[in-house]
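>>> Return atomic coordinates for the entry below.
(chains A and B)
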Amino acid sequence: MIRTILVALTASLALAACSGGDKAKTPAASGGVAISGAGATFPAPLYAKWAETQKAETGLALNYQAIGSGGGIKQIKAGTVAFGATDKPLKADELTQAGLVQFPTVMGGVVPVANLPGVAKGQLKLTGPLLADIYLGKVAKWSDPAVAAVNPGVKLPNLAITVVHRSDGSGTSFLFTSYLTQVAPQWTVGASDSVAWPTGLGGKGNDGVAAFVKQTPGAIGYVEYAYAKQNDMTYALMQNAAGAFVIPAADSFAAAAAGADWSKAPGFYLLLLNQPGQNAWPITGATFILLHAKQADPAKGQSVLKFFDWAYAKGDATAQSLDYVPLPADLKARVRQSWSAVTGPDGKPVYVAP
Amino acid sequence: MTAVVSSPSATRRAQPRGATIAKVFEGLCFAAATALLAALGGLLVALLIGGWPALRRFGFGFFTTSAWNPVTDVYGAAGPVVGTLVTSALALALALPVAGGVAFFLTELCPAPLRRPIGTAVELLAGIPSIVYGMWGLFVFAPMFSKFVQLPLMMAAKPGSLLEKLTVGVPNGSGILSASIILAIMILPFMAATLRELLLTVPAAVRESAYGLGATTAEVVMSVTLPYVRGGAIGAVMLGLGRALGETMAVTFIIGNAHGFPKSLFDSGSTIASTIANEFTEATSPVHTSALIALGLVLFVITFTVLALARLLLRRQESRL
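Numbering: from 1, shown residues only, chains lettered A, B, ... in the order given. Just a heads-up that it's a prediction; the model follows:
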């Protein structure tokens, strides 16, 4: 009998352990001030810094799990977090379908980096179609006439081009491939967090890409701007929609955001790719927050909006110090207005920006 | 309790006090064993359910094609499967002789004062987390491997020769062979430590009598100790192979992460574990997630088959003895 009881006991324990696993991540409902978020890894250092300052200032605590944009979308749809974060915005119809609202928080850019002996930082110039041909493997040598055509006067080595891309699914790859899709008709690979790369090798994370580029003469890769800057990598200039070759820098990302028409972007679905403007960096993107439009617990939704309202008002300096680019003021105003769509069970907005 | 009740009351009185404890102990052990089986079964069922949408959609083709395209949602497992098998086999081939050498050295040749430090060092190697191996592999091992192995080999290869075919690739230290070497270093301590323990089980009398007959150390190893532990040694090797098959982070860092079949030793590839690690967090389409879980199922089955084969080999060995 003991045997039977023990077997039954272990079996039920095992079952309880199985079913309990999913719910373990649910944040403690009590307290009310602690908010839980999960998603994109790109803005994670900034959200952590914002949370730290805000906790000291207002007592509002944030628990953010950097599990990747895909994870952020999954978790907010499953309702296990108060907000999800993603580098890959959801389209307006997908937002309505899932009952979500979306808004951008900060911007960043994707920067091509290269390892070319004899070519200094900022000397190499690239155009969108040329970048696509390189990543397709069609232009396989740096001495190719196609590279020389956009780089008159630059002495390019007779080296094979080693293409490096991200191996892990990443918002950076999403922006990069979306840009190529937009500017180069020959790029039929598509745009996504991970794609079927026609050539080259994959490094894990920005570090992985950077390490492969640094270790391989003739390599080209792409990383987050903050990463390229902090590691002093050899970046390339990119030709933008206005035909000018621009340097990746905070003001060229801001220029891309300034040239964007947010009024024609329902749900703030806008990739800041190839935007007009003489100084606009062509591969710019924002990172986004996802919230349920109908908040079951209004206090929770209010805390989230309060958090980002504070970040909009006082978080710009922190963002800049970490090499993120703050949103322009008119866009922030537009986002604040959109928050009235977030309502509690009574249909009233949970938070009204002051 | 039923057993006790059903037995005659006379025997019950005669039973020593320890009998109840023995029953409880027996029950606990049985529970532990069944819980393990249940967990294993649950894992298999969960993987089957999770991977089912992908398996149903791609059918048998999932195992035979190497297309892996998250944009069009077309997935085939052949590339990662081949990568997993090739890297594990290479790692085993590289690690086994070294592990054997280490074990024999420690049991037969090593001066007594060195035995403990070297033994501890080997066990310490096993305790290093795989992410550390990965970072070391990417930042330290890869540049050296590129400079001292890849480039010289590529330059030495004559056009059209087999060596040239085997060494095609980007000489930056990444690729199938680099991943296999890192894997070999990682599985080596497991195998060396287990082999050493096995060799220590050889009765001193057996060994000494061989020496007494005038055998050299090599002869003792070859014809006495090795045959004595053969069965267990296969188990040790399989333990290492099991770890190599499932190793994730270290491989992800250095294998180059290209989908499809690797064409040479220096070419980039992928393994099942590295593909899952790379794409699971950002997989938003249900088919993508399902395909990754199905990959997990394939790895489960491969590992299970390998271990089952090891069991079979062991049994054959034992029956021969």
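
>>> which ones are touching residue 62?
No chain in the question, so chain A it is. Contacts for A:Leu62 were tallied using CB atoms under 8 Å, 6 or more residues apart in numbering or on different chains; they are A:34-37, A:47, A:50-51, A:54-55, A:307. From N, CA and C alone the C-beta is placed, and that goes for glycine too.

>>> oops, I was thinking of chain B
B:Phe62 makes contact with B:54-55, B:75-77, B:291, B:294, according to CB under 8 Å, 6+ apart.

>>> Only the buried subset of the contacts of A:Leu62, as a ChimeraX command please.
The ChimeraX command for the buried members of those (criterion: 16 or more other CB atoms under 10 Å in any protein chain shown) is given here:
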select /A:34,35,36,37,47,50,51,54,307
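
>>> so of the contacts of A:Leu62, which ones are in helices?
The members of the contacts of A:Leu62 that map onto helices under DSSP state H are A:47, A:50-51, A:54-55, A:307.

>>> What does the pLDDT read for residue 189?
Because you didn't say which chain, this covers chain A. Reported pLDDT at A:Val189 in the predicted model: 93.

>>> if you could check chain B rather than the one you did, that'd help
91.

>>> How confident was the prediction at residue 169?
No chain specified, so I'll use chain A. 87.

>>> my bad, chain B
The model's pLDDT for B:Gly169 equals 83.

>>> again, but for B:Gly79
93.

>>> Need the nearest residue in space to B:Thr284, chain neighbours excluded.
Nearest residue to B:Thr284, sequence neighbours excluded (CB to CB, 6 or more residues apart in numbering or on different chains): A:Gly70, at 4.5 Å.

>>> same check, this time on B:Lys158
Of all residues not flanking B:Lys158 in the chain, B:Glu164 sits nearest, at 6.6 Å (CB to CB, 6+ apart).

>>> Quickly note the distance from that neighbour to chain A.
15 Å (CB to the nearest CB, to the nearest Å).

>>> Including neighbour count and secondary structure, could the contacts of B:Phe62 go into TSV?
TSV is the format used below for these (neighbours: other CB atoms under 10 Å in any protein chain shown; DSSP: H, G, I helix; E, B strand; the rest coil):
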residue	neighbour count	secondary structure
B:Ala54	24	helix
B:Leu55	20	helix
B:Tyr75	25	strand
B:Gly76	20	coil
B:Ala77	27	coil
B:Ala291	29	helix
B:Ala294	26	helix
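
>>> Identify the farthest-apart pair in those.
Greatest spatial distance among the contacts of B:Phe62 (CB to CB): B:Leu55 and B:Gly76, at 11.7 Å.

>>> what pLDDT does A:Tyr2 get?
I think there's a mix-up here, since residue A:2 is Ile and not Tyr. Listed pLDDT for A:Ile2 reads 48.

>>> For whichever residue of the stretch 101-250 of chain B sits closest to chain A, what are phi and psi?
Nearest to chain A, among the residues of the stretch 101-250 of chain B, is B:Asn172, at 3.8 Å (CB to the nearest CB). When read as degrees, to the nearest 10, the backbone of B:Asn172 gives phi -120, psi 20.

>>> for A:Val139, same thing?
Dihedral angles of A:Val139 (phi, psi; degrees, to the nearest 10) stand at phi -100, psi 110.

>>> Spatially, which residue comes closest to it, not counting chain neighbours?
The shortest distance from A:Val139 to any non-neighbouring residue, by CB to CB, 6+ apart, is to A:Asp133 (4.4 Å).

>>> cool, B:Leu43 as well?
Counting by CB to CB, 6+ apart, B:Phe300 is the residue found nearest to B:Leu43 once chain neighbours are left out, at 7.1 Å.

>>> distance of the one you found from chain A?
Counting by CB to the nearest CB - B:Phe300 and chain A are separated by 17 Å.

>>> How about the contacts made by that residue?
B:Phe300 sits next to B:43-44, B:47 when contact means CB under 8 Å, 6+ apart.

>>> From B:Val86, how far off is it?
B:Phe300 is 19 Å from B:Val86, where distance means CB to CB, to the nearest Å.

>>> Now, of the contacts of B:Phe300, which are buried?
For those, a neighbour count by 16+ other CB under 10 Å gives the buried set as B:Leu47.

>>> closest to chain A among the contacts of B:Phe300?
Nearest to chain A among those, with distances taken as CB to the nearest CB, is B:Leu43, at 10.2 Å.
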